[in-house]
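Enquirer: Got a sequence here, can you build the structure:
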Amino acid sequence: MPESSFSVKGNSVIRVRLEPTDITGMGSPAYPQLILGLKLQLFPLWPTNYTLLRIDGKMFVSNENAALATLEHAPMAEESSPQPYDRAVNVAVPLTLTQIRHLEELRGGGNLLLRFALSGLVALNPGIEFERLQDSSLQVYVPRSHWIDSALNVWKVSELRLLEINPPEHNPKEIALAQVRLADAEQLYRTGDYPHVLTELRLAFAAVAERYSAKRTDRSMFEQILVNTHPAVREKLASAFDSFYRFLHLGPHEPSPTPGVEAPISRHDARLALIIAHAILEYFSSENWPGI
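Expert: Next up is the predicted model:
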């Protein structure tokens, strides 16, 4: 467990510990917070007691030198004890979606390295003397799975939003519907309904086919969309996109969960499908949606 300490009067008497699994998300996309479940032990300082009044600090991500966020616990009054014990202290780190996006860029889809520079304030000699505690450093590696399940999913922030899809300004209703289907697929991914992620993605491509007046979503439709690309490129891409669309048929056809019916789609399958679908539609947008 990552551990550090504060010194009071030159004596290391306040022990601070933080488990990676005690770092969790709270709030919503409008007000996301990261909660640090600190565990404190306040050892005695002979011949006087002391009271911990405040903990604050800064949070850094990866090896960046600039702090990403600040943190501060509400006023407290934790007294030292001759028999120290673990005291659970939850410290909130307010975040913005911009900060979370930057954090995700640094995480790069893997485990997350967080560093904390903590400070504090204690009162000595029954509140007559105060001492500002020097920085106490903690470095914590948060497993990828815990971060996604306990933070990103709580905030409803998908780690899959890596591509910006720019439809035409007039935004035809069929393309708008495709975007809605993509958003629905991401929500299903967050709730663990992986087979129906493929269903929603298939419906997103069906909406694009409707815009092109295509009778079905197949290779000929993709060739029509890729009309402005080089013939050799168009041939290969149309074949690849058609194969991917047929892969989406592994998901159930019903847009709602089907009790008692298991589809052989794992979390990794659903994530791959989401990333590829985003990439294909992003590619179409870079071609200015030819034919529309």
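
Enquirer: Not counting sequence-adjacent ones, nearest residue to E78?
Expert: L52 (4.3 Å; C-beta to C-beta, 6 or more residues apart in numbering). C-beta coordinates here come from the backbone N, C-alpha and C atoms, glycine included.

Enquirer: Distance across stretch 131-151, terminal residue to terminal residue?
Expert: With C-alpha to C-alpha, to the nearest Å as the measure, stretch 131-151 spans 35 Å from end to end.

Enquirer: So A67, which state does it fall into?
Expert: Secondary structure, DSSP: H, G, I helix; E, B strand; the rest coil: A67 is coil.

Enquirer: give me the number of residues near V140?
Expert: 17 (other C-beta atoms under 10 Å).

Enquirer: contacting residues for it?
Expert: Taking C-beta atoms under 8 Å, 6 or more residues apart in numbering, we find V140 in contact with 2, 18, 20, 23, 113-116.

Enquirer: With neighbour count added, can I get those in TSV?
Expert: Listed next are these as TSV, based on neighbours: other C-beta atoms under 10 Å:
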residue	neighbour count
P2	16
L18	22
P20	17
I23	21
L113	16
L114	24
R115	18
F116	25
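
Enquirer: residue at max distance from the center of this structure?
Expert: P47 (47.7 Å; C-alpha atoms, centre = their mean).

Enquirer: Phi, psi for that one please.
Expert: Main-chain torsions, P47, degrees, to the nearest 10: phi -100, psi 20.

Enquirer: Just the pLDDT at it, thanks.
Expert: Turning to P47, the model gives it a pLDDT of 80.

Enquirer: Equivalent analysis for I100, please.
Expert: I100 is assigned 89 on the pLDDT scale.

Enquirer: Tell me how far it lies from Q33.
Expert: When distance is defined by C-beta to C-beta, to the nearest Å, I100 is 11 Å away from Q33.

Enquirer: Which of the contacts of V140 sits closest to E64?
Expert: Nearest to E64 out of those is R115 (C-beta to C-beta; 8.8 Å).

Enquirer: leaving aside the residues next to it on the chain, what's closest to the closest one?
Expert: With sequence-adjacent residues excluded and distances taken as C-beta to C-beta, 6+ apart, R115 is closest to F60, at 4.1 Å.

Enquirer: Repeat that for H102.
Expert: Spatial nearest neighbour of H102, excluding adjacent residues (C-beta to C-beta, 6+ apart): L68 at 6.9 Å.

Enquirer: What is the burial count for the residue nearest to R115?
Expert: F60 has 18 neighbours, counted by other C-beta under 10 Å.

Enquirer: Residue ranges in the stretch 51-200 of the chain under the pLDDT threshold?
Expert: 109, 127, 157-172 (pLDDT under 70).

Enquirer: hmm, try it at 90
Expert: Where the stretch 51-200 of the chain drops to pLDDT under 90, the residues are 74, 81-85, 97-98, 100-102, 104-111, 125-128, 134-136, 144-195.

Enquirer: So which residues of it form strands?
Expert: Along the stretch 51-200 of the chain, the segments classed as strands by DSSP state E, counting those that start in this stretch run 69-72, 78-79, 87-94, 112-124, 129-142.

Enquirer: Among these, which comes closest to L226?
Expert: Ranking those by proximity to L226 (C-beta to C-beta) places strand 112-124 first, at 38.4 Å.
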